[in-house]
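> when you get a sec, could you give me coordinates for this:
(2 chains)
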Amino acid sequence: MSGAPGAGPGAAHRYLPTHASDSHIKQDMSRYNVKETEAKWQAAWERAGCFTVEDAPDSDRPKYYVLEMFPYPSGRIHMGHVRNYTIGDVIARYKRARGFNVLHPMGWDAFGLPAENAARSKGVHPGDWTYQNIAAMRDQLKGMGLAIDWSREIATCHPEYYRHEQKMFLDLLRDGLAYRKESWVNWDPVDQTVLANEQVIDGRGWRSGATVEQRKLAQWCFRITAFAEELLAGLDGLDRWPEKVRLMQSNWIGRSEGARVLFPLNGQPAGLAPGAQDRLEVFTTRPDTLFGAAFCALSPNHPLSGALAAESPEIAAFIAECNKMGTSEAAIETADKKGVLTPVTASHPFVEGLELPVYVANFVLMEYGSGAIFGCPAHDQRDLDFARKYGLEVRPVVLPPGADAGSFEIGAEAYLGPGTAYNSEFLDGLEVAAAKRAAIARLEEQGAGAGTVQYRLRDWGVSRQRYWGCPIPVVHCPSCGIVPVPEAELPVTLPRDIDVSAAGNALERHPSWKHVDCPACGVAAQRETDTFDTFVESSWYFARFCSPRAEGAMTRQAVDYWLPVDQYIGGIEHAVLHLLYSRFFVRALKRGGYLDLEEPFAGLFTQGMVCHETYQGPDGAWLSPEQVERGPDGALVTADGRPVTVGRSEKMSKSKNNTVDPARIIETYGADTARWFMLSDSPPDRDLEWTAAGVEGAYRFVQRVWRQVTESVETLPPPGPAPADGAGSELRRAAHKTIQAVTEDIERFRFNRAVARIYELSNAISGATANTARARAGDGAGAELRECLEILVRLIGPMMPHLAEELWQRLGREGMLVDQPWPEADPSLTIEDSVTLAVQVNGKLRGTIDLPRDAAEDAAERAALAEPGVQRAMAGKPPRKIIVVKNRIVNVVV
RNA sequence: GCCCCUGUGGCGGAAUUGGUAGACGCGACAGACUCAAAAUCUGUUGUCCGCAAGGACGUGCUGGUUCGAGUCCGGCCAGGGGUACCA
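Predicted coordinates for the structure are as follows:
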């Protein structure tokens, strides 16, 4: 057996059993043998096929699809996984006990950059590395005792998975939902690769250290913006999603109404396509402030900026500087607002003869609107900052309610509030909304613009210049252009013989892979060497799980039966991208005839992160929790006695070295302990702080429940039906109230409360058995104790399934607990007929009174006024008012 | 910068959704058992004043609404997540 943890000094911070205490434990037969028991029941569930379901069952049980976000196979499970899969498993087991036909599958998000990084640093093939990791992690997950249908396991890097994705891409291409677009990327000139914003540190590539350039690259895009309105409207129906996630998605889509305005240009450079830049198109949400316009500004990536740069070294230098900033929104928004004046001017559409200066400015995004703005300093903060810096006019054109037109001035802050237009000719006197409408009407009349709806959402760029991803199935032909790979030739598989050590994309450099004949005309052509963003795989895996071995991507019967996912569970970090992409992809698949569904996830739960204290040694190096122990004086020290600085609790990460390996915890304490600790204390949507002491506490409870049942079982009457008598002792009432509370808590994802209620029941059982030795004697009290112990065991079933299963058996029950229905509370035992009311005087608590449930108001008043504490506080003053809230509170106002 | 979330004892958290703040767990302290320790069991444990009875204060800060605010509203402060090629 594994050494049970001791609690001697040091153990609390070592996560290892104190071997000194092993010997006595080995002799102590009353201890629960965690390791043996957990293995025994995992094998029993597997043998019985408890969690295996059919693709399209003919069942009268209602279906329930529980899904946790599938893991990236990094090699070992981490605590975030343990938390995620524990939560999902509680739901899966609970719903199963409630009579649902539960689908609970598992798979691997197996493409991605870490495999290539590992290949580079360790010399392993990305595929081998990935499959080895999958094997290791599968074992670890199985050790958690999850109620998963392992026969449905999938890995996205397997051609049997991604060939369907390639087919889907061809359908998207056919349906006009996939297209090619030029876009700007971070380019590392040394590694010859595109970098994510997070890989650009101070303008340099994370690995090469080279200065990052902005490059324009032709990339495959999915037309998610075609669904912008639908994805926004669909959020309303997702009533089992957290409000905050819906809000984040809504903000991400960023619908705004406004106008496109065309400013005639003067003095534009030569070299532009004729007529292409006669007029500058800008987007604005504030057409009502057009009369306050002081300038126009172009994105550094705007075509006109490029043309101007060709003639002006100053502009070219400015653009080069902007490009160093990177492409991240945060970098652009937090940078100092800067610009450079161009020789071009823009004519105001409403004011004859007014020429506005045109700048190239670092805060204008090419990706949003038309890549150009007009600036109204008085009513936009960025424009104001810019105007102050370059000495431009600040002319207010919206007068706040009650302000005086003669004296209203703009100081350091732009005025963004409501008001009426002034200094604005034909708009004068109109409220903001009316002024917007009037301005748009005039623009349309003059042919100088139009009302429009703009989204912040951009199309989804799916091209990645990587090897370890799903190949994009097209061929570039010198005569035909882009030619889809014929369906019969799918899948386009990755070559195995690649060289990952050199810079650039291994697919691009492969000697033969990309050279093919054009499927259309037969001339020598080249395969697309980009692979998909891994978010593409995760946008449909939940559908594949419904019929994972189907010849096609999915069968209609299976997806019609199982989808949508009833409960999806994962980290909040996926609140926008993964979830929005999946919502889009399902709509695209619907167009392609794959399924008939809009929303993939009917219910969503976002869990918090797992955190741990951070430790640093005297040299500042981050120490892992295993390197830290408690010294003789109680302070934390390293194994060789050096002092340790304890830092704030932070998300477990390799960089802070504050991770705790779940495998070690499960090895030492068992899966049930790890699961129980994950569920206790912290609400699942909040961050959880992992502590050694907390694990010890969870482990103590495992042992305690074990003793509670096994020590009583000899004296209990044999298994039978529950006592029929509706009346019952305090203990019996407590047990039935616990059923009710735990059921409600699980339904509402309040596992920490459920855990607290189970502790209470366990405490109540201890108290009762200690008080009444008679309970063992075999009369009615014995049957009652049996009922309460069985309730305890059944309630912990979804949370600590191994322990519960073992105790169910030891209680002499036939069959496995996993096949038992969820316990039902007897309503006659859960309602008390007496209640305690708080009594306040002027809102301060002065006593409590016990009254029959639903007692009349005047009875409550009389009882309250008779309380000695109440009379003392009233000090002889007559009550002015008495508020009575039935069964709750009486407040006497004097 | 922008969007979103969080803030309650020594610690994790609970509070019937506007009605007894601190359930339950951890830690600490005291006691029982033991030759001793571990394990286990019992009790105490928000702060301050008081021998006690009892009282005052108390949910990041600040102002408000209310008979009554941890909960609702305004303004701030601090920490975290996302910010489009990490997954």
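
> which residue does the stretch 51-200 of chain A have closest to RNA strand B?
In the stretch 51-200 of chain A, the residue that lies nearest RNA strand B is residue A:196 (2.1 Å; C-beta to the nearest atom of the strand). Backbone N, C-alpha and C define where each C-beta goes, glycine included.

> contacting residues for the spatially closest residue to that residue that is not a sequence neighbour?
Spatially, and ignoring its direct neighbours in sequence, residue A:196 is nearest to residue A:186 (7.5 Å; C-beta to C-beta, 6 or more residues apart in numbering). Residue A:186 is in contact with A:194-197, A:199-200, A:212-214, A:326-327, counting by C-beta atoms under 8 Å, 6 or more residues apart in numbering.

> apply 7 Å and report the result again.
A:194-195, A:197, A:200, A:212, A:214, A:326-327 (C-beta atoms under 7 Å, 6 or more residues apart in numbering).

> compare those and tell me which is most surrounded.
Neighbour count (other C-beta atoms under 10 Å) singles out residue A:212 as the most crowded of the contacts of residue A:186, with 26 neighbours.

> show the pLDDT at the residue most central in space within chain A.
The residue lying closest to the centre of chain A (C-alpha atoms, centre = their mean) is residue A:572, at 2.4 Å. Note for residue A:572: predicted pLDDT of 83.

> look up phi and psi at it.
phi -70, psi -20 (degrees, to the nearest 10).

> that one reaches residue A:606, doesn't it?
Yes: using C-beta atoms under 7 Å, residue A:572 is in contact with residue A:606, at 4.2 Å.

> quick one: the residue of the stretch 51-200 of chain A closest to RNA strand B from residue A:460, how far?
Going from residue A:196 to residue A:460 by C-beta to C-beta, to the nearest Å gives 15 Å.

> the two: who's more crowded?
Shown here are residue A:196 and residue A:460; by other C-beta under 10 Å, residue A:460 has more neighbours (21 against 13).

> could you double-check that that one lies in contact with residue A:225?
No: between residue A:460 and residue A:225 there is no contact under C-beta under 7 Å: 8.8 Å.

> now the strands for the stretch 1-150 of chain A?
For the stretch 1-150 of chain A, the strands defined by DSSP state E, counting those that start in this stretch occupy A:63-68, A:101-103, A:107-108.

> who wins for proximity to residue A:242 among the ones you listed?
Taking C-beta to C-beta, strand A:63-68 is the member of the strands of the stretch 1-150 of chain A nearest to residue A:242, at 15.9 Å.

> contacts for that closest one?
A:84-85, A:88, A:91-92, A:95, A:100-104, A:542, A:561-562, A:565-570.

> in that strand, which residues are buried?
Buried residues in strand A:63-68, counting neighbours by 16 or more other C-beta atoms under 10 Å, are found at A:63-68.

> distance to residue A:840 and pLDDT added to those, as JSON lines?
Formatted as JSON lines, those follow (distance: C-beta to C-beta, whole Å; pLDDT from 0 to 100):
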{"residue": "A:63", "distance to residue A:840": "50", "pLDDT": "97"}
{"residue": "A:64", "distance to residue A:840": "46", "pLDDT": "97"}
{"residue": "A:65", "distance to residue A:840": "49", "pLDDT": "97"}
{"residue": "A:66", "distance to residue A:840": "45", "pLDDT": "97"}
{"residue": "A:67", "distance to residue A:840": "48", "pLDDT": "97"}
{"residue": "A:68", "distance to residue A:840": "46", "pLDDT": "96"}
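
> quick check: end-to-end length of stretch A:293-313?
End-to-end distance for stretch A:293-313: 28 Å, by C-alpha to C-alpha, to the nearest Å.

> please apply the same query to stretch A:464-475.
For stretch A:464-475, the first-to-last residue distance is 16 Å (C-alpha to C-alpha).

> and RNA strand B, is that stretch touching that?
Yes: applying C-beta under 7 Å from any atom of the strand, one finds stretch A:464-475 touching RNA strand B at A:464-465.

> which other residues reach that stretch?
Stretch A:464-475 is contacted from outside by A:111-113, A:115-116, A:126, A:162, A:165-166, A:169-170, A:193-194, A:220, A:482-485, A:490, A:492, A:494, A:498, A:500, A:505-507, A:516, A:518-519, A:525-528, A:530-534, A:536-537, using C-beta under 7 Å, 6+ apart.

> what's the helix or strand for the residue nearest to residue A:196?
Element membership for residue A:186 (DSSP states H and E) is strand A:178-188.

> distance from the chain centre to stretch A:165-177, please.
Distance, stretch centre to chain centre, for stretch A:165-177: 27 Å (C-alpha atoms, centre = their mean, to the nearest Å).

> before we move on, what about stretch A:625-643?
36 Å.

> so for that stretch, what gets flagged as buried?
In stretch A:625-643, counting by 16+ other C-beta under 10 Å, buried: A:625-631, A:636-638.

> for RNA strand B, what are the nearby residues on the stretch 751-894 of chain A?
Proximity of the stretch 751-894 of chain A to RNA strand B, by C-beta under 7 Å from any atom of the strand, involves residues A:752-753, A:755-756, A:759-760, A:763, A:766-767, A:770, A:836, A:838, A:840, A:842-846, A:848, A:869, A:872-873, A:881, A:883, A:885, A:888-889, A:891, A:893.

> return the subset of those lying in strands.
Using DSSP state E, A:836, A:838, A:840, A:844-846, A:848, A:881, A:883, A:885, A:889, A:891, A:893 are the members of these that sit in strands.

> quick check: residues of the stretch 151-300 of chain A near RNA strand B?
So the stretch 151-300 of chain A meets RNA strand B at A:185-186, A:194-199, A:217, A:219, A:243-244, A:247-248, A:251-252, A:254 (C-beta under 7 Å from any atom of the strand).

> oh, I was asking about the stretch 551-700 of chain A
Going by C-beta under 7 Å from any atom of the strand, the residues of the stretch 551-700 of chain A near RNA strand B are A:572-578, A:609, A:650-651, A:680-683, A:686-689, A:691, A:693-694, A:696-697, A:700.

> derive a PyMOL selection command for the buried subset of those.
Per 16+ other C-beta under 10 Å, the buried members of those correspond to this PyMOL selection:
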select buried, chain A and resi 572+574+575+578+609+650+651+680+681+682+688+689+691+694+696
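
> which members of the residues of the stretch 551-700 of chain A next to RNA strand B occur in strands, if any?
Judged by DSSP E, these include A:650-651, A:688-689 as members of strands.

> can you lay out these as a markdown table showing pLDDT?
Compiled in a markdown table, those are given as follows (pLDDT from 0 to 100):
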| residue | pLDDT |
| --- | --- |
| A:650 | 85 |
| A:651 | 87 |
| A:688 | 91 |
| A:689 | 90 |
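
> in these, find the pair that's most separated.
Farthest apart among those by C-beta to C-beta are A:650 and A:688. That separation is 12.5 Å.

> find residues that contact each of these two.
Contacts common to residue A:650 and residue A:688, judged by C-beta under 7 Å, 6+ apart, are residue A:611.

> pLDDT score for residue A:868?
Among the per-residue scores, residue A:868 shows a pLDDT of 87.

> let me see the contact set for it.
Residue A:868 makes no contacts at all, as judged by C-beta under 7 Å, 6+ apart.

> same question for residue A:234.
Residue A:234 neighbours (C-beta under 7 Å, 6+ apart): A:583, A:598-599.

> repeat that for residue A:662.
Neighbouring residues of residue A:662 by C-beta under 7 Å, 6+ apart: A:77-79, A:82, A:674.
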